[in-house]
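S.K.: Sharing a model prediction with you, sequence too.
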Amino acid sequence: MTDNRNTILAVILSGLVLIGWQYFFNIPQMEKQRAAQQIQSELVKPAPQAGTTTTPQAGGAPAPANAPAANQPGSAAPVVDRQIAIASEPRVKIDTPRLSGSISLKGARIDDLSLVQFRETVDPSSPAIVLYSPSGTEAPYYAEFGWVPASGSTAKIPDQNTVWQQEGTGSLTPSTPITLKYDNGEGLTFHRTISIDDRYLFTIKDDVTNVGNAPVTLYPFALISRHGTPKVAGYYILHEGLIGYLGDQGLQEYSYKKIDDAKAVSFKVTDGWLGITDKYWASALLPDTSAQLQARFSSNLVGTVRTYQTDYLQDPQTIAIGGTGSANARLFAGAKEASVVGINFPIGGFGGYNKELGLNHFDLLIDWGWFYFITKPMFLALDFFYHLVGNFGIAILLVTVLVKLLFFPLANKSYASMAKMKSVQPQLAALKERYPDDKVKQQQEMMEIYKKEKINPIAGCLPVALQIPVFFSLYKVLFVTIEMRHAPFFGWIKDLSAPDPTNLFTLFGLLHFDPTTLPVFGHYLALGIWPMIMGVTMWFQMKLNPTPPDPTQKLIFSWMPLIFTFMLAGFPAGLVIYWAWNNTLSVLQQSFIMRRNGVKVELFDNLKATFMPKKAVSKS
């Protein structure tokens, strides 16, 4: 029964890995290819005009007067080149160490942002990542702030078409805030002061002065709007879309498809934040933690284009004659760097904005996943060693050694049990000769031997089982953290978060074609140098272990290195390097333990037997 149980266990583990690879990698890759083909066929798409933003609705009386109904159709206009759209409106330049762009004086929108420290490819001369773009461009994305009048009010309030005036001159920099002004000519004067830090935080202060002949009631609002359904990575383990931590209601995540189905969802919250997240970049509204909000996620069809919006409306303010009203808002728009966003963890971590601003779990803007208690320590360890050695690849190797040391006692017991199992192989072989036709008797006698020698027959699965949470946490870190994006190792590995770029089936660049584009089996033809190194180290490790007595089990373990080689070929190079290094350390550790237990290390004998006939081996 033990052999059968081990065989079933091996089949289940292999099947789970194959299914996981198919679900998390192969299917998304196929979807990405189909999406790319669709994009190629859509060279031009309509874009909504600037005046199609849905202003937040107020929950409670009196409702805002000028809030249009959801799904309000808008007219479509031809897509305008981004630079032309930027140049067509008066603007105030944004200039910081990490952000460049501008604020449109029309609507006072923050709608032009690029992340100057991050590039589209590993080539440092490639274009900077564009986060925000104005309305009318291919992918409008912007933040807007202001006031909404109460229902029945005739007060003239600045909207997306209002042209503001800058008081003074100069750019928005970390040391020089800007002030914008709008006078409605009816007694209301609006001032907006915008400041920015040296990272990704905008602070917006709105003031309105009433010198008219009647009080006015206004609701402060803020929104982030994105036009068109963005391209997403398409992986189940990563959330991309609308996100927020909304007070007692906790983390709320809506994918683009989910919010399309829901149309709109509203929340009444205190101490919350909300926004839109991509894999590496995000935009989030960070209101005062004490503010009471009517928060909302929504998806609207504007013409033929979907628009996605996160917004909030605060409690109304009644501004008396001769009085002044004020509202504060904050906007995060940038890269999801852990040290900037923050990491909450009992031991270690980063404060970032989460701590500095007293935010409610802002660290969850980074998708650490359900196993954050493993993923976060893995990232912190990698980041610690990176700052020591200056290379994330070396950091992965050092963390692998650290993990090996942490699990050494458990692995030591496992390898010791495997060494004892190897020492009783002659006895097990004798059982087969003694009871060739009695499988039940073989199993009974085998269990007696195991009991006498204190051998755990499934101990060999423990080292693999210990690798699973480490493997997953490292995969998650490589996949979701921007620190790993475009992080080089040595030689041809320029990006640890991307697969090994070399390919055996192109003779490592000598043949100029991409075999991965072939139908049906093309995904399996991406076999780089590091995956092959990993496969060899795994094969060595298998050859170090005792040969399974069951033929089926023996066949599974014989093919497993080759299967894993092809499976992991499309995974991030950092993960493959980890697995290869871990296998190497396991071979050394297991060899040491076997010698200490008086068991001959037959690695080279097994390798020799693989390539030479049995008679030749016996003669030698």
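M.R.: Sure, I can see it. Numbering: from 1, shown residues only.
S.K.: remind me which residues of the protein are low pLDDT?
M.R.: Counting by pLDDT under 70, the low-confidence segments of the chain come to 1-77, 415-416, 418-419, 422, 456-464, 466-467, 545-550, 553, 597-620.
S.K.: Mind naming the longest helix for it?
M.R.: Counting residues, the longest helix in the chain under DSSP state H turns out to be helix 573-596.
S.K.: In terms of secondary structure, what does it contact?
M.R.: helix 392-406, helix 408-423, helix 461-480, helix 529-544, helix 551-568 (3 or more CB pairs under 8 Å, 6 or more residues apart in numbering; DSSP states H and E). All C-beta atoms are positioned from the backbone trio N, CA, C, and that covers glycine.
S.K.: Can you say which of these is nearest to L504?
M.R.: Evaluated over those, closeness to L504 peaks at helix 529-544, with 6.9 Å, by CB to CB.
S.K.: who does that closest one touch, helix- and strand-wise?
M.R.: Helices and strands touching helix 529-544, by 3+ CB pairs under 8 Å, 6+ apart, are helix 551-568, helix 573-596, helix 603-611.
S.K.: Can you spell out the domain ranges of this structure, please?
M.R.: 146-367, 375-612 (automatic domain parsing).
S.K.: between the ones you listed, which gets nearest to L115?
M.R.: Between these, domain 146-367 lies closest to L115; by CB to CB that is 5.7 Å.
S.K.: First-to-last residue distance for the closest one?
M.R.: End-to-end distance of domain 146-367 (CA to CA, to the nearest Å): 30 Å.
S.K.: re earlier: in CSV: the helices and strands packed on helix 529-544, plus distance to P469.
M.R.: Below are these laid out as CSV (distance: least, CB to CB, whole Å):
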stretch, distance to P469
helix 551-568, 17
helix 573-596, 13
helix 603-611, 28
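S.K.: Ok, which of those comes nearest T318?
M.R.: Nearest of the helices and strands packed on helix 529-544 to T318, taken as CB to CB: helix 573-596 at 57.3 Å.
S.K.: Okay, buried residues for that closest one please.
M.R.: Buried positions in helix 573-596, judged by neighbour count with 16 or more other CB atoms under 10 Å: 573-587, 589-591, 593-594.
S.K.: Just the angle for it relative to helix 529-544, thanks.
M.R.: Relative orientation of helix 573-596 and helix 529-544, computed by axes from the mean of the first three to the mean of the last three CA atoms, to 10 degrees: 20 degrees.
S.K.: Share the number of residues neighbouring the closest residue in space to G185 that isn't next to it in sequence, please.
M.R.: Distance criterion CB to CB, 6 or more residues apart in numbering; nearest residue to G185, sequence neighbours excluded, is K156 at 7.4 Å. Burial of K156, expressed as a neighbour count using other CB atoms under 10 Å, amounts to 15.
S.K.: Let me see the contact set for K156.
M.R.: Shown in contact with K156 (CB atoms under 8 Å, 6 or more residues apart in numbering): N184, G185, E186, L188.
S.K.: Look at H486 and say how many residues are nearby.
M.R.: Other residues close to H486 by other CB under 10 Å number 18.
S.K.: for I84, same thing?
M.R.: Neighbours of I84 (other CB under 10 Å): 11.
S.K.: What of the one 5 residues further on?
M.R.: Using other CB under 10 Å, E89 has 18 neighbouring residues.
S.K.: For K404, which non-adjacent residue is closest in space?
M.R.: Sequence neighbours aside, L585 is the residue nearest to K404 in space, at 5.4 Å (criterion: CB to CB, 6+ apart).
S.K.: surely that neighbour meets L398?
M.R.: No. Between L585 and L398 there is no contact under CB atoms under 8 Å: 11.7 Å.
S.K.: burial measure for W559, as a count.
M.R.: W559: 12 surrounding residues under other CB under 10 Å.
S.K.: One more: Y236?
M.R.: Neighbours of Y236 using other CB under 10 Å come to 10.
S.K.: gap between it and T516?
M.R.: 22 Å (CB to CB, to the nearest Å).
S.K.: for T506, same thing?
M.R.: The value you get for T506 to T516, if CB to CB is used, is 10 Å.
S.K.: who has more neighbours, those two?
M.R.: For T506 versus T516, neighbours defined as other CB under 10 Å are more numerous around T516 (20 against 17).
S.K.: ok but the more buried one is inside a helix, no?
M.R.: Yes. Secondary structure of T516 (DSSP: H, G, I helix; E, B strand; the rest coil): part of a helix.
S.K.: Roughly how far does L405 sit from A381?
M.R.: Per CB to CB, L405 is found 12 Å from A381.
S.K.: Revised request: answer the last question for P78.
M.R.: P78 is 51 Å from A381, by CB to CB.
S.K.: Which of the two has more residues huddled nearby?
M.R.: A direct count of neighbours by other CB under 10 Å for P78 and A381 places A381 higher, at 19 against 9.
S.K.: In contact with that one, which residues?
M.R.: Applying CB under 8 Å, 6+ apart to A381 gives the contacts A395, V399, L402.
S.K.: Determine the angle, from 0 to 180 degrees, between the longest helix of the chain and helix 551-568.
M.R.: 140 degrees.
S.K.: now helix 573-596: how far from the chain's centre is it?
M.R.: 28 Å (CA atoms, centre = their mean, to the nearest Å).
S.K.: Could you do stretch 117-130 as well?
M.R.: Worked out by CA atoms, centre = their mean, stretch 117-130 lies 19 Å from the chain centre.
S.K.: For the residue minimising distance to the centre of the chain, give its distance to L365.
M.R.: Compute the mean C-alpha point of the chain, and by CA atoms, centre = their mean the closest residue is V480, 2.7 Å away. Here V480 is placed at a distance of 11 Å from L365 (CB to CB).
S.K.: just P78 next, same as before
M.R.: From P78 to L365 the distance is 35 Å (CB to CB).
S.K.: Could you measure from the residue of the chain lying at maximal distance from its centre over to K441?
M.R.: Within the chain, the residue lying farthest from the chain centre (CA atoms, centre = their mean) is R434, at 57.8 Å. Counting by CB to CB, the separation of R434 from K441 is 8 Å.
S.K.: Kindly report the same for V80.
M.R.: According to CB to CB, V80 stands 83 Å off from K441.
S.K.: How about L359?
M.R.: Taken as CB to CB, the span from L359 to K441 is 67 Å.
S.K.: Settle it for me: which of those two has more neighbours?
M.R.: When neighbours are counted by other CB under 10 Å, L359 and K441 differ, and L359 comes out ahead with 23 against 12.
S.K.: That one: which element?
M.R.: Taking DSSP states H and E as the definition, one finds L359 inside no helix or strand.
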